[in-house]
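**Student:** fold the following for me, if possible:
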Amino acid sequence: MDATSTVAQRLKFEKWEKANHMALLVIKRSIGEAVRGGLPVNDKAKNFLEGIEAKFKVYEKREIGNLMTTLTTLKFDESHTVREHMLKMVNAVAKLSDLEVPIDDSFVVHMALNSIPESYEQLKTSYNA
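**Tutor:** Here you go, the predicted structure:
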C-alpha cells in the first residue's frame, strides 16, 4: 500500500492482512512443532505453505531412499519367522508403491529369496522350478 491507494483498496488490503494472519495461525496450530521448527519464518500463508511443500519433498526423497535400502539390504535373522521377514519386505514395497515408486514383483521375489539363508534352499529350488 502506498499514499495513492484509495480507501476501498486500503480496506481490501486490511481484510487480506487479517485473513492472511488468521490462515497462518490455523496452519501453525494444525502442524506439529517438529515440522514447524524446521520451516523458515514467513509472514504470508502462501509462502509458509510453499515452505511446507518443499520440506515434504525432501522428506519424501529421504523416505524413498530408506525404503529402498531396507528392501535391498534386509536379511533374515531367525529372530522372527520367515513369514514376518517376507511381510517386512512386502510392507516396504507397498510404501514405495504409495510414493509412486513401482517395484516389479519378480524383483521383490528375487530379493526375498536372496535374503533368506541357505537352510531354506528347498524353498528357493521349488520356486525356481
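**Student:** drop to CA atoms for contacts and neighbour counts, all remaining ones
**Tutor:** Noted.
**Student:** what is the subsequent helix or strand relative to the worst-scoring helix or strand of the chain on mean pLDDT?
**Tutor:** The weakest-scoring helix or strand in the chain, judged by mean pLDDT, DSSP states H and E, is helix 33-37 (a mean of 71). Using DSSP states H and E, the next helix or strand after helix 33-37 towards the C-terminus is helix 45-73.
**Student:** so which bits of that following helix are buried?
**Tutor:** 45, 48, 51, 52, 64, 67, 68, 71 (16 or more other CA atoms under 10 Å).
**Student:** spatially, which residue comes closest to the fourth one, not counting chain neighbours?
**Tutor:** By that I understand residue 52. Excluding its sequence neighbours, the residue lying closest to residue 52 (CA to CA, 6 or more residues apart in numbering) is residue 39, at 6.9 Å.
**Student:** same check, this time on the third one
**Tutor:** Closest residue to residue 51 in three dimensions, ignoring its sequence neighbours and counting by CA to CA, 6+ apart: residue 39, at 6.3 Å.
**Student:** surely the one you found meets residue 54?
**Tutor:** No: with contacts counted by CA atoms under 8 Å, residue 39 stays clear of residue 54, the gap being 9.4 Å.
**Student:** what about residue 93, how many neighbours?
**Tutor:** Here the number of neighbours of residue 93 (other CA atoms under 10 Å) works out to 22.
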